[in-house]
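> dropping a prediction and its sequence here:
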Amino acid sequence: AETDLLVIGQRGEDEEFDTGFLGSVAEKLVRKVTRPVLLTGLNVREFRRALLAYDGSESAQRAMKTLARLAAGLEMEVDAVQMVEEGEDTTMLKEVVTYFKDFPVRLSIHYLVSDSHEVIINHVKEKKCDLLVMGAFDNKAADAIALGSTTEYLMRNSPVPVLVHH
């Protein structure tokens, strides 16, 4: 009850075999634990630059707040992105800019025009991010069945550790 963060490997003893799936324990814990969960693979490096995948949901707002404190403490840079479709409103990241004004963190924002989650993974690689931060699906009943397509995809395919916040 007093834990602030759960850190767990993405897969157990078969970690070296990249299957594209989360381990069963990791997947269950991400769904059930109400605290932020940091999923890591075998290759973890110092966190210098984080990518915040932001959609404005309550869980994304909590992820943003957690990341702001973490980034300030670790002197990390933050790259905030919102995935939008062509012609969609691109004002969501103004919330992130406003919130981060109170933190000594170098922040950049990007609107990624695409309907494919792969664009976020590509951005992580291009910007040489060490950490991916996002909110999980907000609907607790649906959460027990699925975490949301973006959350699921990014957790399974991220080349860097993923911090998931409910």
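That came through fine.

> got any ranges where the chain has weak pLDDT?
1, 10-32, 42, 137-148 (pLDDT under 70).

> go again with 90.
1-45, 83-92, 114-117, 136-158, 165-166 (pLDDT under 90).

> so where do the strands sit in it?
Secondary structure of the chain (DSSP state E): strands at 6-9, 37-40, 49-53, 77-84, 107-113, 131-135, 162-165.

> the second one pairs with which strands?
Read that as strand 37-40. Take DSSP bridges as the rule and strand 37-40 pairs in its sheet with strand 6-9 (parallel), strand 162-165 (antiparallel).

> try the fourth one
In the sheet containing strand 77-84, its partner strands are strand 49-53 (parallel), strand 107-113 (parallel), by DSSP bridges.

> from the chain's centre, how far out does the longest one sit?
Going by CA atoms, centre = their mean, to the nearest Å, the spacing between the C-alpha centre of strand 107-113 and its chain's C-alpha centre is 14 Å.

> mind listing what's buried along it?
Across strand 107-113, burial judged by 16 or more other CB atoms under 10 Å covers 107, 109-111. For every residue, glycine as well, the C-beta is placed using N, CA and C.

> what's the longest helix seen in the chain packed up against?
Across the chain, the longest stretch assigned as helix under DSSP state H is helix 58-74. Helices and strands touching helix 58-74, by 3 or more CB pairs under 8 Å, 6 or more residues apart in numbering; DSSP states H and E, are strand 49-53, strand 77-84, helix 94-100, strand 131-135, strand 162-165.

> can I get the ones you listed in CSV including mean neighbour count and distance to M155?
Shown next, in CSV, are the helices and strands packed on helix 58-74 (neighbours: other CB atoms under 10 Å; distance: least, CB to CB, whole Å):
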stretch, mean neighbour count, distance to M155
strand 49-53, 25, 11
strand 77-84, 21, 16
helix 94-100, 15, 21
strand 131-135, 26, 9
strand 162-165, 24, 5
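
> how near is the residue nearest to A60 when sequence neighbours are not counted to E88?
Closest residue in space to A60, ignoring its immediate chain neighbours: G135 at 3.6 Å, by CB to CB, 6 or more residues apart in numbering. To E88, G135 is 19 Å away according to CB to CB, to the nearest Å.

> bridged to I109, which residues?
So, taking DSSP bridges as the rule, I109 has A80 as bridge partners.
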